[in-house]
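Student: fold the following for me, if possible:
(one chain, ligands or ions: 1)
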Amino acid sequence: MTDRYAVIGNPIGHSKSPLIHGTFAKSTGQDLEYIAIEGPLDGFTAAVAAFRTGGGYGMNVTAPFKLQAFELATDRLPRAQLARAANCLKFECDRILADNFDGVGLVNDIERNLGATLAGKRVLLMGAGGAARGALLPFLEQHPAGLVIVNRTVAKAYALAAEVDANDGVVGCGYQDLGDQRFDIVVNATSASLKGELPPISPGVFGDNALAYELVYGKGLTPFLRLARNAGVKRLADGVGMLVEQAAEAFTWWRGVRPDTRAMIDKLTVPLV
Ligand code: NDP
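Tutor: This next block holds a predicted model:
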């Protein structure tokens, strides 16, 4: 019998996950079905239960259900614990395992696809929501020279920085506190670009040969990427690679076989113009 997987979110019509996982399944010869489920806003748990009862093996979880997915799980892996959010569930008998592959997908995209290294670099992480939380542990595993979390609501940046080991060199602050600091890698993990907004970031934050990375994908040059480009930054990327890489991590977790990501990233890439 064909194994069943799904992505659940609300809305879900925009999701690329069925295309990505369907293509991964074909390219790796895995017999599986992958569908999109629009979970009722007040019925996430019931929707997951119905999918499991129907023979579901695992689910990707997207907005607004990542926190509920984390709460629902019986077993939470460390990256999900720090993020306090899950973007992937695996069903094993009575257990619901939860992980969060957003951060490792981001790291894989930065290191493998974009050829940048985090080790020894100064990293600025903009935002302190679920995506930033998910990125923090995978970033620290690469041993950057320093990592600054900057957020509009400063208390959230302080709180997130305080959750990791004091020796990891993570500092939380507000945008006005950045001063004249410059960074090798600047990651916009805010949702500002979805509304065409730009966090109050100075073009002076970009160091020589910096990488400017925007988590929002498929929108071309967002206000953040435009700021970077106008500041002379040559290495610009949006989150399409992260999207595909986190999907590849989920697929590997579920199926034990790693799909190639390059062709799918190329297929989904919208030029940054
Ligand atoms: P959350 O809602 O959890 O957090 C949003 C963050 O953005 C908060 O830190 C918020 O600050 C900040 N923010 C929102 N608007 C502004 C603004 N105008 N100026 C400054 N800061 C702002 O969202 P997520 O963390 O889950 O997602 C963030 C983005 O990452 C989304 O746009 C999402 O699409 C993208 N994403 C991409 C993925 C990919 O695979 N490429 C995967 C996951 C997410 P405050 O705390 O002050 O409200």
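
Student: which residues touch the closest residue to the ligand within the stretch 51-200 of the chain?
Tutor: For the stretch 51-200 of the chain, the residue closest to the ligand is residue 129, as judged by Cβ to the nearest ligand atom, at 2.0 Å. Yep, even glycine has a C-beta here, placed from its N, CA and C like the rest. Taking Cβ atoms under 8 Å, 6 or more residues apart in numbering, we find residue 129 in contact with 156, 189, 190, 191.

Student: got phi/psi on the second one?
Tutor: I take that to be residue 189. Note on residue 189: its backbone torsions stand at phi -100, psi 30 [degrees, to the nearest 10].

Student: near the ligand, which residues of this structure show up?
Tutor: 102, 127-132, 151-153, 156, 189-192, 194, 197, 199, 215-217, 239, 242-243, 246 (Cβ under 6 Å from any ligand atom).

Student: go again using 5 Å as the cut-off
Tutor: Selection of the chain residues close to the ligand by Cβ under 5 Å from any ligand atom yields 102, 127-131, 151-153, 156, 190-192, 194, 197, 199, 215-217, 239, 242-243.

Student: please identify which helix or strand holds residue 119.
Tutor: Assigned by DSSP states H and E, residue 119 belongs to neither a helix nor a strand.

Student: near it, how many other residues are there?
Tutor: Counted by other Cβ atoms under 10 Å, the residues lying close to residue 119 total 10.

Student: what does the one 3 residues further on give?
Tutor: Residues lying near residue 122 (other Cβ under 10 Å) number 19.

Student: pLDDT score assigned to the residue in the stretch 151-273 of the chain positioned nearest to the ligand?
Tutor: For the stretch 151-273 of the chain, the residue closest to the ligand is residue 239, as judged by Cβ to the nearest ligand atom, at 2.6 Å. If you check residue 239, the pLDDT there is 98.

Student: was I right about it contacting residue 224?
Tutor: No: using Cβ atoms under 8 Å, residue 239 makes no contact with residue 224, being 11.4 Å away.

Student: who touches both of the two?
Tutor: By Cβ under 8 Å, 6+ apart, the residues touching both residue 239 and residue 224 are residue 214.

Student: so what are the sheet partners of the strand ranked longest in the chain and their directions?
Tutor: Among the segments of the chain that qualify as a strand by DSSP state E, the longest is strand 206-214. Partner strands and pairing direction for strand 206-214 (DSSP bridges) are strand 183-188 (parallel), strand 235-238 (parallel).

Student: got the contact list for the longest one?
Tutor: By Cβ under 8 Å, 6+ apart, the residues outside strand 183-188 that reach it are 106, 110, 116, 118, 121-127, 135, 144, 148, 199, 201, 205-207, 209-216, 222, 224, 228.

Student: what do you get if the cut-off is 7 Å, keeping everything else the same?
Tutor: 116, 118, 121-126, 135, 205-207, 210-215, 224 (Cβ atoms under 7 Å, 6 or more residues apart in numbering).

Student: ditto for the shortest one
Tutor: Surrounding strand 235-238, the residues in contact under the criterion Cβ under 7 Å, 6+ apart are 114, 210, 211, 212, 213, 214, 216, 217, 225, 228, 229, 272.

Student: hey, which of the strands paired with strand 206-214 is tucked in deepest?
Tutor: Of all these, strand 183-188 carries the top mean neighbour count, a mean of 25, counting by mean count of other Cβ atoms under 10 Å.

Student: could I get that one in CSV with only the CA atoms?
Tutor: Output of strand 183-188 as CSV, limited to C-alpha atoms (Å, rounded to 0.1, in the frame of the first residue of the first chain):
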residue,chain,number,x,y,z
PHE,A,183,28.4,41.4,9.8
ASP,A,184,29.5,38.7,7.3
ILE,A,185,26.1,37.1,7.1
VAL,A,186,22.8,39.0,7.6
VAL,A,187,19.7,36.9,7.7
ASN,A,188,16.2,38.5,7.6
